[in-house]
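**Q** Let me see the structure of the following:
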Amino acid sequence: MNHKNIELTDRLEIHIIELNKLQNEKDIKKIDWLNFIKGDEINMRKNIDKELKEAIEELERITKDPETRELYYQREKDLRDKISEIEEGREEGRTEEKTKLIKSMYENGVELETICKIAKIPKEEVKKILKEEN
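**A** Predicted coordinates:
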């Protein structure tokens, strides 16, 4: 089955490049794109790909403007903060579920030692969880 040119979305374009297949001169455009993505220097020859040239010019434009660069850095920070919040929320959810499970096992007569083995936490921590009010 040929998977070339399948539209995934109108907002995102994905290109899969098999590096081991880039071996001849006609693949130079792909190599130029890879170098651009990696941040390496690109040989600015006459027959450089039009889209690549536009991408290079756009990158140069936005990195020269301090205001645009600051917006980029702020957006990156916001994304990292959001990821951190999500990870913290997931951890809180796991902790809440583990607490509920420990309390439920105890209420259903499961021995403390068994709860410790299942929850993989020390006996003192299980006792502390069982003392906490909902």
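**Q** Just the element for the most centrally placed residue in the chain, please.
**A** The chain has Ile83 as the residue nearest its centroid, 8.4 Å off, counting by Cα atoms, centre = their mean. For Ile83, the host element (DSSP states H and E) is helix 66-107.
**Q** Next up, the contacts around the closest residue to Lys29 other than its chain neighbours.
**A** Nearest residue to Lys29, sequence neighbours excluded (Cβ to Cβ, 6 or more residues apart in numbering): Asp49, at 4.8 Å. The C-beta positions use only the backbone N, C-alpha and C, and glycine is treated the same way. Counting by Cβ atoms under 8 Å, 6 or more residues apart in numbering, Asp49 touches Lys29, Asp32, Trp33.
**Q** before we move on, what SS does the residue of the chain most remote from its centre have?
**A** No residue in the chain sits farther from the centre than Gly109, which is 42.2 Å out by Cα atoms, centre = their mean. Three-state call for Gly109 (DSSP: H, G, I helix; E, B strand; the rest coil): coil.
**Q** Return the backbone torsion pair for it.
**A** As for Gly109, its main-chain torsions (degrees, to the nearest 10) stand at phi 90, psi 10.
**Q** now do Glu54
**A** Dihedral angles for Glu54 - degrees, to the nearest 10 - are phi -60, psi -40.
**Q** That one: neighbour count?
**A** By other Cβ atoms under 10 Å, the residues close to Glu54 number 10.
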